[in-house]
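S.K.: mind looking at a prediction? Sequence and model below.
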Amino acid sequence: QQQVKQSPQSLIVQKGGISIINCAYENTAFDYFPWYQQFPGKGPALLIAIRPDVSEKKEGRFTISFNKSAKQFSLHIMDSQPGDSATYFCAASIVTGNQFYFGTGTSLTVIP
Amino acid sequence: DAGVTQSPTHLIKTRGQQVTLRCSPKSGHDTVSWYQQALGQGPQFIFQYYEEEERQRGNFPDRFSGHQFPNYSSELNVNALLLGDSALYLCASSFGQYNSPLHFGNGTRLTVT
């Protein structure tokens, strides 16, 4: 059973546009939600993360929105650039646990 | 400051063989986790090592085993390889026993023929 469901599978955005990737979870014990960015041939790199005590976190052009009651969180990439073209993974974990559960990934293509 | 390093980068093995993958954690990190990433999928947790012990294991058979050394580096061993074991194997390091931000290496691409 997929613990974290991610959509869409792929996304094409014009340069300067907003990219939005959504994730949903069922386990209410999850209390740490990171987003990872992965380029071809590389390992995932931590982009931004949020804990459920806040509804939004912004770092530069990247924003996480978190809806605890709906058990959903999303990544917004403002002013998307061709260099943002990569695969994005959401993840969830329990702070006192040992493993992260990853979504299936979203392939983002930003067209110049 | 070196990040997480993994070796080898690519490996081709025959079904039934055994393989050992290696990982050196990021400086200052003491915990190593291993993940399997099939093509087009997200990483799946194999197990985590802390203080040279396996702390938690994901849904993987006993053919997958590991070890952590006193210098925090780690090995992943897979016995009796199956075609379905073909994947990118990612090592991630962190600090402390419980979940803290993972820093991934670039992985070892294993192909089983």
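M.R.: Great, that's in hand.

S.K.: is stretch B:66-75 anywhere near chain A?
M.R.: No. Applying Cβ under 8 Å from any Cβ of the partner chain, one finds stretch B:66-75 separated from chain A by no less than 13.3 Å. C-beta coordinates here come from the backbone N, C-alpha and C atoms, glycine included.

S.K.: endpoints of that stretch, how far apart?
M.R.: Taking Cα to Cα, to the nearest Å, the first and last residues of stretch B:66-75 lie 5 Å apart.

S.K.: and stretch A:69-81, by the same measure?
M.R.: The stretch stretch A:69-81 measures 32 Å between its terminal residues, going by Cα to Cα.

S.K.: do stretch B:91-110 as well
M.R.: So stretch B:91-110: terminal residues 13 Å apart, Cα to Cα.

S.K.: any buried residues in that stretch, and which?
M.R.: Buried residues in stretch B:91-110, counted by 16 or more other Cβ atoms under 10 Å in any protein chain shown: B:91-94, B:97-99, B:102-110.

S.K.: got it, and stretch A:16-24?
M.R.: A:S19, A:I21, A:N22, A:C23, A:A24.

S.K.: what's opposite the nearest residue to B:T9 once chain neighbours are set aside in the beta bridge?
M.R.: Closest residue in space to B:T9, ignoring its immediate chain neighbours: B:T108 at 6.4 Å, by Cβ to Cβ, 6 or more residues apart in numbering or on different chains. Beta bridges link B:T108 to B:Y89, judged by DSSP bridges.

S.K.: what sits against B:T108?
M.R.: Going by Cβ atoms under 8 Å, 6 or more residues apart in numbering or on different chains, B:T108 touches B:Q6, B:S7, B:P8, B:T9, B:H10, B:L11, B:L21, B:L88, B:Y89.

S.K.: can I get these in JSON lines with pLDDT, neighbour count and secondary structure?
M.R.: Below are these laid out as JSON lines (pLDDT from 0 to 100; neighbours: other Cβ atoms under 10 Å in any protein chain shown; DSSP: H, G, I helix; E, B strand; the rest coil):
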{"residue": "B:Q6", "pLDDT": "98", "neighbour count": "20", "secondary structure": "strand"}
{"residue": "B:S7", "pLDDT": "97", "neighbour count": "13", "secondary structure": "strand"}
{"residue": "B:P8", "pLDDT": "98", "neighbour count": "12", "secondary structure": "coil"}
{"residue": "B:T9", "pLDDT": "97", "neighbour count": "11", "secondary structure": "coil"}
{"residue": "B:H10", "pLDDT": "97", "neighbour count": "10", "secondary structure": "strand"}
{"residue": "B:L11", "pLDDT": "96", "neighbour count": "15", "secondary structure": "strand"}
{"residue": "B:L21", "pLDDT": "98", "neighbour count": "21", "secondary structure": "strand"}
{"residue": "B:L88", "pLDDT": "97", "neighbour count": "20", "secondary structure": "strand"}
{"residue": "B:Y89", "pLDDT": "98", "neighbour count": "24", "secondary structure": "strand"}
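
S.K.: could you redo those residues as TSV and give each row distance to B:F45?
M.R.: As requested, these are arranged in TSV below (distance: Cβ to Cβ, whole Å):
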residue	distance to B:F45
B:Q6	17
B:S7	21
B:P8	22
B:T9	22
B:H10	23
B:L11	21
B:L21	16
B:L88	14
B:Y89	12
